[in-house]
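Student: Generate coordinates for the sequence data below:
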Amino acid sequence: MITVHTIATDSSTAILGIGTTGRSCVRFLQSRGRALTAFDSVMDDDQAAAFRREFPRVALYGGEFDADRLSRFSSLIVSPGISLDQPAIRRALASGVELTSDIDLFLSEVDQPVVAITGSNGKTTVTTLVGKMAEASGLRAAVGGNIGTPVLDFLAPGQSWDLFVLELSSFQLERSKPPAAAAASILNISPDHMDRYPGIAAYQQAKQRIYPACRCAVFNRDDKLTYPLLNRQQTSISFGASAPDLKQYGLVREDNSSWLVRGHDTLLSSADMKLYGEHNLLNALAALALGEAAGLDLAVMVSVLREFPGLEHRCQWLGECDGVEYFNDSKGTNTGATIAAVEGLSRRPKDIVLIAGGQGKAADFTSLQQLKGRLKAAVLLGEATAAIASALAGQVDLKEVKDMAAAVDVAASLAVAGDRVLLSPSCASFDMFRNYQHRGDVFRALVLDRIEGGRK
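Tutor: The predicted structure is shown next:
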């Protein structure tokens, strides 16, 4: 059962943002009898009406945030979608108002072990995998955070959990105390959200907040930006694409296959897994290491890996037509994700036709040049078309299109038997689609229509 600790305060809290996280905070604080007020600078009339129906006794204010008003509160909970660099928020915090978060409130209430996972790419896959491994081990595992259920909703009456597996974004980590997790991991770091951070160093600093209070740090030994700075009470486990040292996780390549190994012990062949791509082998290794740190049985975890099919929109295999395979990696919203997807799926030189583009989030696309030996062509659409084209000019055959239907047609015309068409946009979707799921669904429908019609 969940052990509840009382948070002693008689002061008031301002909740900024009435999205999923903000509403979960209101529900929780109301249940604890806390005084609170909600603010949102971009809500529409329907959102405001829905909030007032659910929380008729909570004051809600719209419009631009006001520093003087916010400075009257004892604490602020700022939803992850709102930048802490907004002037009114900076002024309120500088005046002495405490910054807290739903993660802080949640961790103050539970005694059960927590597995905390972040990274630029793969964190949802790893979080889901660890949750399934825990469930297969007979534990009641709650999986949420940056995906699915907001953490505070796990504390609703009548719920009982043995383990919490949380995906945490850089935005959640930067406004929370370092989580006291049984196991914590940064899977990888590549430039992302550069519209919210002044540079990769600030982004890395936010991610690194996952380590200081954890018992065991799981890190990617191939990515130095993920390395933890540990104290004497902490332990660590590494994973990577190379053969590992004793008690670490890695890959060994034999007989044209990759094998997942722990130290000298062979665990599973990639040929016996349903996940596609070497980057997903690294995700699998990270899940094994995190599960070990959380006390899960290794044999059970390997059996889960054998059957796990992967997640929608993450290097998801859609089908084959005339020898050409189609993959949906719509969740690939930064260059690191796209590079990992292409390198993971490519089997020979220039066998990938990439569909990319969308809203660029102030990204630098020049890192995509390292894919020139693997890309047959890049089909570009959306606001970032010119930026990506500029980065790849003279490196890769480029085709510019106006919509996804044209992108699929052009990509199919360029591919031959043995090639793979991959949607991995390196961009957000909001210029053309509601979200990455909508973008992936549109792509999948177009591909399946082509496959069912027998057209390459």
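Student: remind me which residues of the chain are low pLDDT?
Tutor: 1-11, 454-456 (pLDDT under 70).
Student: Helices of the stretch 301-450 of the chain, residue ranges please.
Tutor: 335-345, 385-392, 404-414, 436-452 (DSSP state H, counting those that start in this stretch).
Student: Kindly reformat those helices as JSON lines containing mean neighbour count and distance to Val110.
Tutor: To be clear about C-beta, it is placed using only N, CA and C from the backbone, and glycine gets the same treatment. Below are these laid out as JSON lines (neighbours: other C-beta atoms under 10 Å; distance: least, C-beta to C-beta, whole Å):
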{"stretch": "helix 335-345", "mean neighbour count": "24", "distance to Val110": "31"}
{"stretch": "helix 385-392", "mean neighbour count": "19", "distance to Val110": "44"}
{"stretch": "helix 404-414", "mean neighbour count": "19", "distance to Val110": "43"}
{"stretch": "helix 436-452", "mean neighbour count": "18", "distance to Val110": "30"}
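Student: what's the closest of these to Thr21?
Tutor: helix 436-452 (18.5 Å; C-beta to C-beta).
Student: related to what we said a few turns ago, using a markdown table, please lay out the helices of the stretch 301-450 of the chain together with distance to Ala50.
Tutor: Output for these, formatted as a markdown table (distance: least, C-beta to C-beta, whole Å):
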| stretch | distance to Ala50 |
| --- | --- |
| helix 335-345 | 33 |
| helix 385-392 | 36 |
| helix 404-414 | 31 |
| helix 436-452 | 21 |
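Student: Please identify which of those helices is closest to Gly373.
Tutor: Nearest to Gly373, of the helices of the stretch 301-450 of the chain and by C-beta to C-beta, is helix 335-345 at 10.2 Å.
Student: export that closest one as CSV, just CAs?
Tutor: Extracted in CSV, the C-alpha atoms of helix 335-345 (Å, rounded to 0.1, in the frame of the first residue of the first chain):
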residue,chain,number,x,y,z
THR,A,335,18.2,14.8,-35.2
GLY,A,336,19.6,12.3,-32.6
ALA,A,337,16.5,10.1,-33.0
THR,A,338,16.7,10.2,-36.8
ILE,A,339,20.3,9.3,-36.8
ALA,A,340,19.7,6.4,-34.4
ALA,A,341,16.8,5.2,-36.5
VAL,A,342,18.6,5.4,-39.8
GLU,A,343,21.8,3.7,-38.4
GLY,A,344,19.7,1.1,-36.7
LEU,A,345,17.7,0.1,-39.8
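Student: packing partners for it?
Tutor: If contacts are counted by 3 or more C-beta pairs under 8 Å, 6 or more residues apart in numbering; DSSP states H and E, helix 335-345 sits against helix 278-293, strand 352-356, strand 420-423.
Student: quick one, helices of the stretch 151-300 of the chain?
Tutor: Going by DSSP H, counting those that start in this stretch, the stretch 151-300 of the chain shows helices at 170-174, 200-208, 278-293, 298-307.
Student: looking at these, which is buried most?
Tutor: helix 278-293 (a mean of 27; mean count of other C-beta atoms under 10 Å).
Student: Quick one: distance of that one to the chain centre.
Tutor: Chain-centre distance of helix 278-293: 15 Å, with C-alpha atoms, centre = their mean, to the nearest Å.
Student: again, but for stretch 76-86
Tutor: Worked out by C-alpha atoms, centre = their mean, stretch 76-86 lies 18 Å from the chain centre.
Student: got the buried residues for that stretch?
Tutor: Residues of stretch 76-86 classed as buried: Leu76, Ile77, Val78, Ser79, Pro80, Ile82, Gln86 (neighbour count, 16 or more other C-beta atoms under 10 Å).
Student: go on, stretch 162-179?
Tutor: 163-179.
Student: if I look at the residue positioned nearest the centre of the chain, how far off is Asp449?
Tutor: The residue lying closest to the centre of the chain (C-alpha atoms, centre = their mean) is Lys123, at 4.5 Å. Noted for Lys123: a distance of 32 Å to Asp449, by C-beta to C-beta, to the nearest Å.
Student: looking at this, Val126 is in a strand?
Tutor: No. Read with DSSP: H, G, I helix; E, B strand; the rest coil, Val126 is helix and lies in no strand.
Student: Against Ile147, how distant is it?
Tutor: Relative to Ile147, and taking C-beta to C-beta, Val126 is found at 11 Å.
Student: the more surrounded of these two?
Tutor: Val126 (29 against 18; other C-beta atoms under 10 Å).
Student: quick one, what contacts the more buried one?
Tutor: Ile117, Gly119, Ser185, Leu187, Asn283, Ala286, Ala287, Leu290 (C-beta atoms under 8 Å, 6 or more residues apart in numbering).
Student: and the fourth one, how many neighbours does it have?
Tutor: When neighbours are defined as other C-beta under 10 Å, Leu187 has 28 of them.
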